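**Q** Would you be able to build a 3D model of this:
(one chain, ligands or ions: 2)
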Amino acid sequence: QAFSASHDVCLWGRDRVHLGEMADRRENLRYLAGVRLHDALAIEPDFETAAHRADLHLVVTPLSGLRDTARQLHRLQPATPLLWACKGFEAGTGLLPHEIVAEELGKDAPCGVLTGPSFAAEVARGLPAAITLAAHDPAFARHWIGALHQPRLRLYANTDLVGCEIGGAVKNVMAIAAGVSDGMGFGLNARAALITRGLAEIARLAQALGGRAETLMGLAGMGDLILTCTGDLSRNRRVGLALAAGKTLDDILRELGHVAEGVSTAREVVGLAHRHAIEMPICEAIDALLHHGLNARKAVELLLARDPRDE
Ligand SMILES: NC(=O)c1ccc[n+]([C@@H]2O[C@H](COP(=O)([O-])OP(=O)(O)OC[C@H]3O[C@@H](n4cnc5c(N)ncnc54)[C@H](O)[C@@H]3O)[C@@H](O)[C@H]2O)c1
Ligand SMILES: O=P(O)(O)OC[C@H](O)CO
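**A** Numbering: from 1, shown residues only. Ligands and ions are numbered 1, 2, ... in the order given. Here you go, the predicted model:
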């Protein structure tokens, strides 16, 4: 009941049993235990009914579900605006979320991304947060900010989708790195260095792909990077902590029970960095650790052994 009911919100999910349990208990025990669902939240197990009811579609699946969900929504309601909260690069294609949506809906579709520092567990409890709504069309961003902005969930507009989405994607890889560093006891100085050099890597990639450097100084860049690298609510950071403790990735992901987008994003970021000849040593070390058998200590040693360079 943290927020006032200024909108009728209808929640659809693919697991009917889970939806039924939420409707009965008015609580999402699996993902948000302890938070009472707002009385005005309708729970709808039928996808078509939910899609037809809405003036705005908001997709909050893992990134791997965005393409299919956007396609189905567009087939049913082609004119309904779409927002998404998914962060990452599509596995295999290396596409950002807005590029996936453009392929499915066309490049002039009314759409945008919600991103920035926002642990769901805190937002759901009504704790204050500030995030970014980025869309190519500034009038679209202003309109939906007007509808969604609240004192406890402040929305800021941006038109730099590339910068905002790269910030949201690559911070997850950096959070795994920060978890590894903290888990190995390297201390606060090392973590501050990782965050700062991580931001430099993120900005290099964003600029190479057409994003603006200043976007990375804002909520979708530095804001989300700081949150995810330092906050133990982060699933990506927890993956790093568990790797440092010697667990295998398969075991970690099984126990986590949630998506940790940095795991697949690391592979795509390294591919993009190679294609664009950009140095991204932290992402390369994390990709090698996650996907190529490098152990955590060796990954950190490789980063520390790099030649000196200008900042
Ligand atoms: N949890 C957060 O604090 C948070 C905050 C901001 C952004 N995000 C981003 O939002 C996205 C979702 O994160 P989450 O925390 O909700 O993940 P989660 O793993 O906790 O939950 C994902 C939900 O999506 C469902 N799902 C998975 N694949 C699906 C598909 N193909 N079609 C339909 N439903 C599917 C799952 O059943 C589950 O209910 C991620 O990209 C994440 O980076 C998460
Ligand atoms: O739990 P994480 O690491 O997926 O982070 C969640 C959000 O992206 C934080 O803004």
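
**Q** Leu227 and ligand 1, how far apart?
**A** Separation of Leu227 from ligand 1 (C-beta to the nearest ligand atom, to the nearest Å): 9 Å. Every C-beta, even on glycine, is put in place using the N, C-alpha and C of the backbone.

**Q** Could you check the pLDDT of the residue lying closest to that residue once chain neighbours are set aside?
**A** Spatial nearest neighbour of Leu227, excluding adjacent residues (C-beta to C-beta, 6 or more residues apart in numbering): Pro117 at 3.8 Å. For Pro117, the pLDDT comes out at 98.

**Q** who's in contact with Pro117?
**A** By C-beta atoms under 8 Å, 6 or more residues apart in numbering, the residues touching Pro117 are Ala129, Ala130, Ile131, Leu219, Gly223, Asp224, Ile226, Leu227, Thr228.

**Q** what would those look like in TSV with neighbour count, pLDDT and distance to Leu11?
**A** Supplementary listing: these in TSV, determined by neighbours: other C-beta atoms under 10 Å; pLDDT from 0 to 100; distance: C-beta to C-beta, whole Å:
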residue	neighbour count	pLDDT	distance to Leu11
Ala129	19	98	20
Ala130	16	98	24
Ile131	23	98	19
Leu219	24	98	25
Gly223	23	98	27
Asp224	30	98	24
Ile226	16	98	30
Leu227	21	98	25
Thr228	27	98	25
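
**Q** Restricted to helices, list the residues you listed.
**A** Among the contacts of Pro117, the members falling in helices (DSSP state H) are Asp224, Ile226, Leu227, Thr228.

**Q** Once you drop chain neighbours, what's closest to the second one?
**A** With C-beta to C-beta, 6+ apart as the criterion, Ile226 has its nearest non-adjacent residue at 6.5 Å, and that residue is Ile195.

**Q** The one you found: which element?
**A** Assigned by DSSP states H and E, Ile195 belongs to helix 187-208.

**Q** Report the buried residues of that helix.
**A** By neighbour count on 16 or more other C-beta atoms under 10 Å, the buried set for helix 187-208 is 190-191, 194-195, 197-199, 201-208.

**Q** and if you look at stretch 284-293?
**A** For stretch 284-293, the neighbour count (16+ other C-beta under 10 Å) marks Glu284, Ala285, Ile286, Asp287, Ala288, Leu289, Leu290 as buried.

**Q** quick revisit: the helix holding Ile195 vs ligand 2: in contact?
**A** No - residues of helix 187-208 are not located near ligand 2 by C-beta under 6 Å from any ligand atom, the shortest gap being 13.8 Å.

**Q** do the same with stretch 225-233
**A** Yes - using C-beta under 6 Å from any ligand atom, stretch 225-233 reaches ligand 2 at Leu227, Thr228.

**Q** Just the CA trace of stretch 157-166, in PDB.
**A** Output in PDB follows, covering the C-alpha atoms of stretch 157-166 (Å, rounded to 0.1, in the frame of the first residue of the first chain):
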ATOM      1  CA  ALA A 157      13.500  12.500 -18.800                       C
ATOM      2  CA  ASN A 158      16.300  11.600 -21.200                       C
ATOM      3  CA  THR A 159      16.400  11.200 -25.000                       C
ATOM      4  CA  ASP A 160      19.700   9.200 -25.000                       C
ATOM      5  CA  LEU A 161      18.400   5.700 -25.100                       C
ATOM      6  CA  VAL A 162      21.800   4.300 -26.100                       C
ATOM      7  CA  GLY A 163      23.600   5.900 -23.100                       C
ATOM      8  CA  CYS A 164      20.800   5.000 -20.600                       C
ATOM      9  CA  GLU A 165      20.600   1.400 -21.700                       C
ATOM     10  CA  ILE A 166      24.300   0.800 -21.800                       C
END
